[in-house]
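**Student:** Next comes the sequence, and after it the predicted model I'd like to discuss.
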Amino acid sequence: MGYVPIFVALLGLVLLYTIYTYNLIKPRKARLTQVIDEMARNSGVRKNIVLSYDRENEGSSLSEVAGMLKKTSTDRFQSYRKEEELMSAIENGANGLSDQKVSDELLETNKTQQELIKKLQSVSNEYNAFIKKAPASMVASLFGFRPF
């Protein structure tokens with residue numbers, strides 16, 4: 001009977017530590033999701049600008065970009081490489097436009113997307129570093145948190 005209280009106390013300590021660590025992981029994951037959502041909103045705005053301009057002006061310098069955007073099924077972040085390619089294509093297409101207002105809007109959304117990518121890298125590095133640490137990694141794997 002002497003070992004039961006010790007066992008219960010240790011089990012309670014493990015439970016409290018698990019809850020504490022989970023509550024440290026959850027906000028980091030939420031910040032990561034928030035940045036990805038911001039990127040998706042910005043990508044949606046950028047996509048609408050490109051597609052509406054392409055509809056109105058067939059054969060413009062944004063036609064190639066419009067084709068690229070039509071092939072993608074989502075505005076959500078997919079990979080750094082794909083996002084860099086798309087931003088480069090949009091920048092090249094925007095520089096060849098005669099409509100300065102649309103060109104400025106596209107370059108501004110590209111600049112915003114570039115800032116969001118830097119923020120995403122920072123937030124994801126923090127999140128990944130935290131869930132790779134020894135005790136937190138067990139809690140993260142238990143609750144299904146995966147590295148980004």
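**Tutor:** Thanks, I have the structure now.

**Student:** mind checking the SS state of L142?
**Tutor:** helix (DSSP: H, G, I helix; E, B strand; the rest coil).

**Student:** what about it, neighbour count?
**Tutor:** Using other C-beta atoms under 10 Å, L142 has 11 neighbouring residues. Backbone N, C-alpha and C define where each C-beta goes, glycine included.

**Student:** So it is in contact with I19, correct?
**Tutor:** No. Counting by C-beta atoms under 8 Å, L142 sits too far from I19 to count as a contact (11.6 Å).

**Student:** Nearest to the spatial middle of the protein, which residue is it?
**Tutor:** Nearest to the geometric centre of the chain sits I36, at 2.9 Å (C-alpha atoms, centre = their mean).

**Student:** show me what contacts that one?
**Tutor:** R76, F77, L120 (C-beta atoms under 8 Å, 6 or more residues apart in numbering).

**Student:** these two touch, right, the first one and A40?
**Tutor:** Yes. Applying C-beta under 8 Å as the test, R76 and A40 come out as touching, 5.0 Å apart.
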